[in-house]
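**Q** Let me see the structure of the following:
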Amino acid sequence: MAASENVTPSHARPASLRSASPVTTTETAVRPAEAADADQAERQQRIARYDAEAEADFARAEVPIRFWGKVLDQAAEPVSGVEVAFEVCAYVRGGQGALKYESGKVSSNREGLFRIEGVRGNGLRITQLTKSGYVPVGFDDRKNYSYARLSTQNSEIFRPDPVAPVIYK
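**A** Numbering: from 1, shown residues only. Have a look, this model is predicted:
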């Protein structure tokens, strides 16, 4: 019989555990170094999963921004030549929630239409509408259009529609 095997005589076991053959157990001692190595390997796997999930979140956070708008005057007539200033916001990788902003400008056409494309981020904000003689009514430069869900608190995603542009008066 090997030194690591213990055989318990059947008469020493409770009646409910008695069987015709002796029970053999093998004791295996886990060395502390092996346990520490296993814990370290599991920790590294968790970190790798977290990093992969964070990378996927950042990939989702920087989506293509597409926006269609229309500038109208107080009589609901299109206004051409309005300069539309905007900011695109995105999270910076590894920045603990740091943000980066990219600014740009486009102009409305003769139908009052404008579009913003070719930039990436998670949010868009129209910051200013300017044209000599044109004064926007009720314009809110704090309105943010969210294009990516970055948390459960930010649940409404803006869905741009070229057929139904956002109206500015």
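**Q** show me what contacts Arg66?
**A** Counting by CB atoms under 8 Å, 6 or more residues apart in numbering, Arg66 touches 115-117, 160. The way it works is simple: take the backbone N, C-alpha and C, and place the C-beta from them, glycine included.
**Q** So which of those residues is the closest to Tyr91?
**A** Nearest to Tyr91 among the contacts of Arg66 is Ile116, at 19.4 Å by CB to CB.
**Q** Can you report phi and psi for that closest one?
**A** phi -120, psi 120 (degrees, to the nearest 10).
**Q** hmm, back to that, most neighbours, which of the contacts of Arg66?
**A** Highest neighbour count within the contacts of Arg66, by other CB atoms under 10 Å: Ile116, with 20 neighbours.
**Q** mind listing the strands for this protein?
**A** 5-8, 23-26, 63-71, 83-91, 99-107, 113-121, 123-130, 144-146, 166-168 (DSSP state E).
**Q** so Gly123 makes contact with Lys143?
**A** No: Gly123 is beyond contact range of Lys143, at 10.4 Å (criterion: CB atoms under 8 Å).
**Q** Looking at the two, which one has more neighbours?
**A** Each of Gly123 and Lys143 has its neighbours counted (other CB under 10 Å); Gly123 has more, 21 against 11.
**Q** about what we covered before: would you turn the strands of the chain into a markdown table with distance to Ile47 and mean pLDDT?
**A** Putting the strands of the chain into a markdown table (distance: least, CB to CB, whole Å; pLDDT from 0 to 100) gives the following:
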| stretch | distance to Ile47 | mean pLDDT |
| --- | --- | --- |
| strand 5-8 | 40 | 49 |
| strand 23-26 | 34 | 51 |
| strand 63-71 | 26 | 94 |
| strand 83-91 | 20 | 91 |
| strand 99-107 | 25 | 90 |
| strand 113-121 | 27 | 94 |
| strand 123-130 | 29 | 95 |
| strand 144-146 | 29 | 88 |
| strand 166-168 | 42 | 95 |
